[in-house]
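Enquirer: Let me see the structure of the following:
(one chain, ligands or ions: 1)
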Amino acid sequence: MSAAQQACLAAALVTGYEVLGRGASSVEAVEKTIRVLESSGLFNAGIGSRLQLDSVRRMDASIMEGHRLRAGAVAAIEQIRHPITAARLVMEETEHVLLVGEPATRFARHFKLKLDRQLSPKRTSFKAVRPRQVSGPTQKTLDLYRVMRIRRTVGLETVGAVALDRAGTVAAGASTGGIALMLPGRVGDTPLIGCGVYADNVAGAVSMTGVGEGIIRIAVAKEIADRLAAGASPAAAARSVLKKLVTRIRGAAGALVLAPDGRFTIRHTTPRMAAGYWGGTGKPVVKDKFER
Ligand code: ASP
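Expert: Got it, this is the predicted structure:
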């Protein structure tokens with residue numbers, strides 16, 4: 001973790017904590033925290049999002065609250081600076097849970113969400129394929145994908161947050177530019193409720209990062225939430241589900257897990273994961289290695 005990333009994580013935690021301190025909802029805290037990270041360009045989300053193999057940035061995000069189990073998500077959205085806000089708008093302004101692709105982008109623009117020039121396809125700098133607008137894999141991108149997927153695990157820095165507000169409602173959110181070297185149109189776990197995020201006031205809130213293909217196949221966030229609801233502690237629930245992910249399908253992931261009583265854990269199967277929390281010390285704790 002660079003000093004800039006560390007400072008940004010601390011600033012994001014301060015933002016979220018101030019929102020909760022004002023008595024606002026955990027949904028608001030999660031959204032505002034993630035917006036700080038999306039704006040930074042220091043993580044793989046918002047303006048820092050990765051390119052797909054056709055040189056287009058397509059982003060995914062989701063948010064869920066644990067009182068009424070409302071959820072909203074966007075997948076393969078383009079050019080929008082804050083996909084997490086688009087996800088919240090899907091949750092609060094529609095009866096749907098997930099909007100995808102160009103219609104999701106138009107939906108966000110309808111609500112006047114900021115576009116970012118850095119996210120415009122014409123301004124990308126990936127040299128392997130000339131920037132162009134294609135909507136699906138071509139022979140060229142498939143060839144590139146096959147050659148390069150071996151290096152897929154380079155840096156995975158999706159952003160996410162979990163929070164508990166004064167009313168006792170938990171919320172979880174996540175926002176990503178996906179993984180390295182993905183085919184155009186690939187969607188990971190992040191916008192899939194029960195995979196990348198889950199929140200239920202009788203269980204807790206979970207936000208995931210890692211290789212989405214594995215997280216989806218285990219439905220990790222819901223599986224952790226189910227174990228919390230059955231009485232496991234956040235640490236035990238995260239430990240057992242991450243172990244299942246690794247042993248059954250050789251997956252790799254990190255989890256933020258928060259119980260409705262405020263107990264929480266941060267766990268990862270990878271050597272490092274940059275994350276932070278408020279530990280009652282007056283300032284946020286930010287580290288890139290947590291108990292494994
Ligand atoms: N989970 C994200 C995805 O698969 C990537 C990440 O967490 O870094 O799209």
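Enquirer: hang on, A255 is in a strand, isn't it?
Expert: Yes. If the criterion is DSSP: H, G, I helix; E, B strand; the rest coil, then A255 is within a strand.
Enquirer: Centre of the chain to stretch 68-85, how far?
Expert: Relative to its chain's centre, stretch 68-85 lies at 10 Å (Cα atoms, centre = their mean, to the nearest Å).
Enquirer: typed the wrong thing, it's stretch 181-191
Expert: Its chain's average C-alpha position is 12 Å from that of stretch 181-191, according to Cα atoms, centre = their mean.
Enquirer: Show me the shaky parts of the stretch 101-250 of the chain.
Expert: 120-156 (pLDDT under 70).
Enquirer: make it 50
Expert: 123-134, 150-154, 156 (pLDDT under 50).
Enquirer: now what about the longest helix along the chain, what contacts it?
Expert: Ranked by residue count under DSSP state H, the longest helix found in the chain is helix 3-21. Applying Cβ atoms under 8 Å, 6 or more residues apart in numbering, the contact partners of helix 3-21 are 1, 26, 28-30, 32-37, 40, 42-43, 161, 163, 165-166, 274-278, 283-284, 286. Backbone N, C-alpha and C define where each C-beta goes, glycine included.
Enquirer: Out of those residues, name the ones that lie in strands.
Expert: Judged by DSSP state E, strands contain the following of those: 161, 163, 275-278, 284, 286.
Enquirer: Doesn't L53 belong to a strand?
Expert: No. Assigned with three-state DSSP, L53 falls outside any strand and is coil.
Enquirer: Filter the contacts of helix 3-21 down to just the buried residues.
Expert: Neighbour counting over those (16 or more other Cβ atoms under 10 Å) leaves 1, 26, 28-30, 32-37, 40, 42-43, 161, 163, 165, 274-278, 284, 286 as the buried ones.
Enquirer: give the contact list for A229.
Expert: The contact partners of A229, taken as Cβ under 8 Å, 6+ apart, are 200, 202-203.
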